[in-house]
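no sequence on this one, just coordinates:
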């Protein structure tokens, strides 16, 4: 039983009422007087030369206030790291859905009509839509001037492979020479959309003095500020970004999309301009998860120890690479799993094609890597006739091990999650019925870093304000931060108000992403609160006649009061302490910046499925998810993150795929693109494995990203366990299962040989 | 020639463009979805019992969403100090214009119609509208339960005199015994309105979770927050007050008016409710300047030295006293001027009557006191056949003197302003024509105190954000605060953005008032900026290889760069320094609280007038205004304050009067209530007398209030000089001059005896 005051408890979300009543204001809800509605004209071709744009008819349409093309916007290229995205396509469209022009009109209907009236003459060009074709020497280039782009890690020319990264440890040649068995397998994953409920929305208002106000659904307001200020050429403090509530992110809300267009439409029309992407536009032209082709090769000793490991991953970036904070994806580094391997080499290739540009999606690159690695591990175990749990256990990292790529990880808690998951699931028990299967998969994920700030104010009546520029894209971080401050100050939650304020009013915060909020924003809020507590205690010490130099030890806080520990009847309220300090409030401020961290969290998922072997239909019965969380500040919120990740992972495993036809997304609607619904969702058993000290406040570890990683391979492994076929291409559709069962010549479980003996 | 970087310069106002283009958002401009329009039903009687209110017809009117009476609001009494104002009149209306009910409807017309449909049955009661009648024993009482009111300085019962304050020094009986000549005179001033352009406006929105957002034209958002939270019973952090631009204040925007009504209408209707007072309502029921009756008595030696002084002031508070931060008015303490007098006694009486409740108006009580004292001083000089300048010079306070009420004032700079004004005006020169007159008057005024906070952020590109909860009611304080920060950090003004943010986003600030902003908010901004500069220098020292312990001395800041003083080629930008600190920004925060201050500023005004002795028309030709300002951070802004104060003072002297008939304001329109327009305004010569060290940043003194104090007596003295009649009752209308000239038997200058010889 913890003696915590406000953390470790599943308190309700502080924004619950605002959300369920519809009071919460999302960017699309914001209305300004005289506001216009913007819309983009998009290329229908995956690759085309823009010969001519005639916007005269659109301009003549009553109610149209501005039409812009590449001529009306600066030629800058945008990108979080690699800068390659034009504001509007100039001369050339590189994917079907790319913006070639935009309009602003008095209402959405007029805008839509105007879009249709814009005449664009294209010269269709050959499109490279297959990533392996794109990698070949002499393939037509998606970007001719790649070598001139800012943010490129190494200068490359005349290639679609804009980045090749490697990670290695030991000597794989030597490793494979030592191995008794060598296995190889290729896995593929498709493009999938983040599936957030709220589409991208932006609204820009230009003040007469040139100051710019941006409302944006993006989860990183300070990043939007910096990008917009740079495009426009203003000091960043002249751009104010007002974040709305964010209706889901999962990595997709990390980069400006229509914000610059809104600005140039507003500048041309002299009116505020709002753009809200339709669901179709979201599918055609947002920044979904990269498709991947992953080749793995493993060398294993007779005693079932991994001795060598090679991974080769190709990520199809689509037409642009600017939508992610790194040029590569973190998942590449995870392509050897969380296992003890002395000799490792990983190669990651990032390749342009004429398809929708990809970005970040919840644990960037990791679900792809996890699917490949954890499927492969199971295949090896099967080949070795070992229980998949035992084979993992034998090779799983333990405290003191280096990671597969050589990092010294801290608080390695993998086996604890394995034990917890196995104990709580049907693992090792007799199968209840035919075509039931059980699968296991493990994952690890680091905690995000960066910079956050917080201001904590204790007011004259003892109530508390937390001011922060951090973002809550729906994860519950508002609530978590309030709990952290409530704990530090020992005041009830209902006395704390959190203000996620705009970039003018808040100190800098890097924004949500990479599972960093609880750790970085949380620590800054915690330290700011402790700073105020120190001031409260110092002020109380005067009233309580307690020597100042010992006050911090002798005085205790609780329920908005300060007590002398040795004599709890001697107490004063926070309100009195503030007044005794001669002020109307006491303020603590903290900026916490963390560049690198070795804090890693671990998870094990066990999937139980029932397969209809005739039709190939998979019912995921239950997921048992054990997560190394360090300490759960809000157990219900952590469970929510895990449950959401699992549902998303089931979709990735079985349902989701942005289908492409001639480079264009062929199923850009929620009717044709299948998300995992409540009807598809399994029973979920979440196990919060506490105890391993994380870097966050109260030893919390990150929980935002990892839940979505091990789920697809756990399901794939369970399907294999159920019907004996191994599907290596996501999603695992019924057709693929039926086809594989036919090819394997039977609909009964048969171990499929996947290794090749040396 | 100063070597200041950004202060001491008449830079343009930072909000100039927003204001002249109409972009600036005032509270009345704010529109919310579903918003209703509130309106108040007001008593037509100065005193009446409310027998019955029937709102059924109003409630039945389509479009009406809520009608409330005293039954629907809590019985709390509001007040800044003395708490005596009900939210709606309960049982009894105490002045004509008092709110007895309120409605909220879908538009203003419907609201107005609904107001007319509310039937109120009154029983008219005898009204006490004469303050001297109200003071008599046995007079009917405006408040029966006065003794139960919170905030009363001393318990009083069964009286309309709710407060009697005294100030004294020495022994006036002894003083008058020593005096060779004793003079007595009574002066009166009327109720005048502050005359701000923007009427009071309020808008309240209640979130589903009970959190309250208030938009208010009040200049003290944190005060509004505290009052609203107390009425509603919420922690103050659950109430968010969003200040709009404020279109003039002059003391009139210091207290909630319709904010609580908006809240209860919003609660009843479930919709946000806005109320904007009409100009007529402003005259009937805002909080104008108190009328006064001031009796002065002075004892003078043969050598023209003031030896004894008695003052007795009666301020007519109207029906309520809750509209001012003190129970009394600061002006009472000024009733002996800025002269050396050994024996002083001042009595101030504050009295209820059944008239419009009075509040604060630019230098509360001071223009009344100044008019009396400085007219009286001139009358004594005339009687003594002394030049009014010489008589003042002889008795004027000098450095080291105690104030008339015994305070040790600092930096007494009165004579410097006298000399400056006399030298720059027509004083002592031959009169250019008949009925031309010249008059002089002096004044002093302390600098306001209290608590302010500021957060200064230097961003990654070297641009600067100043976050403050202080208010700019049109005085230019936004600009002044930016100049102070620009000076402290040595960055150009266009790199600084000021954010006057709402109460959720800013640390506490007491708000504008009493000439405190430059001093208190200014010092907090200055110190916060110096704190950041210290961090910048420390970070620069690392890059410039300068020893940390000497860095603050060896490194200099200029134009956004940090130099090694001894080798200016060694420099780095602020942007580099921020990055070198390993952060995205550097932050300084300062809360500055000052309870009491002896910082006093002085002024001398000289008025030159031309009187049309037949019709009594006074043309104010020129005002020469010399002001002890310590240091003018923005000379144009200081001159603007002085010019505005003079124009307001000319109105007080000659034009303005809220006329009363049966207790009700009889001229509640700008047609009938005469303000000083540009056609009436004189030529103004402003003289900024720098040098005496004020308490503010760069030794600035306050300039907001004092300019309006000496102007009425200077004009009265000039009229006396022109035509020889002494008007002791403001305003000095043509009728009064003509009547006085007739009574004095001549239209030529004749000294009028006012003293009485002992």
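The structure has been received and is ready for your questions. Note that the structure is a prediction, hence the values are computed from the model and not measured.

where's the residue of chain A most remote from its centre, which helix or strand?
Using CA atoms, centre = their mean, the residue of chain A lying farthest from its centre is residue A:545. It sits 51.7 Å away. Residue A:545 belongs to no helix or strand when assigned by DSSP states H and E.

where does it land on pLDDT?
Looking at residue A:545, its pLDDT is 92.

The one 3 residues further on now?
In the predicted model, residue A:548 carries a pLDDT score of 92.

Quick check: closest non-adjacent residue to it.
residue A:541 (5.4 Å; CB to CB, 6 or more residues apart in numbering or on different chains). Every residue, glycine included, has its C-beta placed from N, CA and C.

ok, now residue A:282?
residue A:199 is the one closest to residue A:282 (CB to CB, 6+ apart), at 5.1 Å.

ok, the nearest residue to residue A:143 once chain neighbours are set aside - contacts?
Closest residue to residue A:143 in three dimensions, ignoring its sequence neighbours and counting by CB to CB, 6+ apart: residue A:352, at 6.1 Å. Residues in contact with residue A:352, defined by CB atoms under 8 Å, 6 or more residues apart in numbering or on different chains, are A:128, A:134, A:141, A:142, A:143, A:160, A:162, A:317, A:318, A:319, A:320, A:321.

three-state assignment of the fourth one?
Looking back up the chat, that one is residue A:142. Following DSSP: H, G, I helix; E, B strand; the rest coil, residue A:142 is assigned to coil.

Quick check on it: phi, psi?
Main-chain dihedrals, residue A:142, degrees, to the nearest 10: phi -70, psi -40.

my guess is it meets residue A:158, correct?
No - Residue A:142 is beyond contact range of residue A:158, at 11.6 Å (criterion: CB atoms under 8 Å).

Looking at these two, which one has more neighbours?
Set residue A:142 next to residue A:158 and count neighbours by other CB atoms under 10 Å in any protein chain shown: residue A:142 wins out with 26 against 11.

could you measure the nearest residue to that one once chain neighbours are set aside against chain B, distance?
Beyond its immediate neighbours in the sequence, the residue positioned closest to residue A:142 (CB to CB, 6+ apart) is residue A:352, lying 3.7 Å away. Note on residue A:352: its distance to chain B, by CB to the nearest CB, to the nearest Å, is 31 Å.

for residue A:353, same thing?
According to CB to the nearest CB, residue A:353 stands 35 Å off from chain B.

I figured that residue hits residue A:318, correct?
Yes - here residue A:353 lies in contact with residue A:318, judged by CB under 8 Å, at a distance of 6.1 Å.

Count the residues that sit near the residue lying closest to residue A:78 once chain neighbours are set aside.
Counting by CB to CB, 6+ apart, residue A:78 lies nearest to residue A:85, which is 4.6 Å off, once chain neighbours are set aside. Residues lying near residue A:85 (other CB under 10 Å) number 24.

OK, contacts around residue A:85?
So residue A:85 contacts A:77, A:78, A:79, A:320, A:322, A:323, A:357 (CB under 8 Å, 6+ apart).

Tell me who's in contact with the second one.
With contacts defined as CB under 8 Å, 6+ apart, the neighbours of residue A:78 are A:85, A:86, A:87, A:227, A:231, A:255, A:256, A:260, A:322.

So which residues on the stretch 101-250 of chain A come close to chain B?
For the stretch 101-250 of chain A, the residues in contact with chain B (CB under 8 Å from any CB of the partner chain) are A:207, A:208, A:209, A:211, A:222, A:226, A:229, A:235, A:236, A:237, A:238.

Phi first, then psi, for the first one.
In this case it means residue A:207. phi -80, psi 160.

What segments of the stretch 401-550 of chain A are helices?
Per DSSP state H, counting those that start in this stretch, the stretch 401-550 of chain A carries helices over the ranges A:414-424, A:477-489, A:522-543, A:548-554.

among those helices, which is the most enclosed?
helix A:477-489 (a mean of 27; mean count of other CB atoms under 10 Å in any protein chain shown).

Residue A:193 and residue A:655 touch, don't they?
No - using CB under 8 Å as the test, residue A:193 is too far from residue A:655 to be in contact (11.6 Å).

can you pull the contacts of the residue in the stretch 601-750 of chain A that chain B sits nearest to?
Closest to chain B within the stretch 601-750 of chain A is residue A:695: 17.4 Å, counting by CB to the nearest CB. Listed by CB under 8 Å, 6+ apart, the contact set of residue A:695 reads A:447, A:519, A:594, A:597, A:599, A:701.

so how many other residues sit close to residue A:282?
With other CB under 10 Å as criterion, residue A:282 counts 24.

Quick check: the gap between it and residue A:224.
Distance, residue A:282 to residue A:224, by CB to CB, to the nearest Å: 18 Å.

Show the contacting residues for residue A:552.
The contact partners of residue A:552, taken as CB under 8 Å, 6+ apart, are A:534, A:537, A:538.

Quick check: of those residues, which lies closest to residue A:119?
residue A:534 (67.6 Å; CB to CB).

Which residue comes closest to the closest one once chain neighbours are left out?
Residue A:534's closest residue in space is residue A:552 (CB to CB, 6+ apart), at 6.4 Å.

Equivalent analysis for residue A:99, please.
residue A:40 (4.3 Å).

Check which residues of the helix or strand where that neighbour lies are buried.
Using DSSP H and E, residue A:40 sits in strand A:36-42. Neighbour counts using 16 or more other CB atoms under 10 Å in any protein chain shown place A:36, A:37, A:38, A:39, A:40, A:41, A:42 of strand A:36-42 among the buried residues.

Packing partners of it?
In terms of contacts (3 or more CB pairs under 8 Å, 6 or more residues apart in numbering or on different chains; DSSP states H and E), strand A:36-42 is packed against strand A:99-105, helix A:108-117, helix A:259-269, strand A:273-276, helix A:279-285.

In strands, which of the contacts of residue A:78 fall?
In strands, defined here by DSSP state E, the members of these are A:85, A:86.

any idea which of the contacts of residue A:78 is closest to residue A:612?
Closest to residue A:612, out of all of these and judged by CB to CB, is residue A:255, at 41.4 Å.

quick one on the thing from earlier: now the residues of the stretch 101-250 of chain A next to chain B: which count as buried?
For these, a burial check counting by 16+ other CB under 10 Å picks out A:211, A:222, A:226, A:229, A:235, A:236, A:237, A:238.

Between all of those residues, which two are separated the most?
A:211 and A:222 (16.7 Å).

what's the offset of the helix or strand harbouring residue A:183 from the middle of its chain?
If you go by DSSP H and E, residue A:183 is part of strand A:181-189. With CA atoms, centre = their mean, to the nearest Å as the basis, strand A:181-189 stands 26 Å off its chain's centre.

Could you list the residues in contact with it?
By CB under 8 Å, 6+ apart, the residues outside strand A:181-189 that reach it are A:176, A:291-300, A:302, A:308, A:367-368, A:371-372, A:375-376, A:379-380, A:383-384, A:652, A:728-730, A:754-758.

Compile the helices and strands packed on strand A:36-42 into JSON lines and extend it with columns for distance to residue A:567 and mean pLDDT.
Listed next are the helices and strands packed on strand A:36-42 as JSON lines, based on distance: least, CB to CB, whole Å; pLDDT from 0 to 100:
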{"stretch": "strand A:99-105", "distance to residue A:567": "69", "mean pLDDT": "98"}
{"stretch": "helix A:108-117", "distance to residue A:567": "68", "mean pLDDT": "98"}
{"stretch": "helix A:259-269", "distance to residue A:567": "59", "mean pLDDT": "98"}
{"stretch": "strand A:273-276", "distance to residue A:567": "61", "mean pLDDT": "98"}
{"stretch": "helix A:279-285", "distance to residue A:567": "63", "mean pLDDT": "97"}
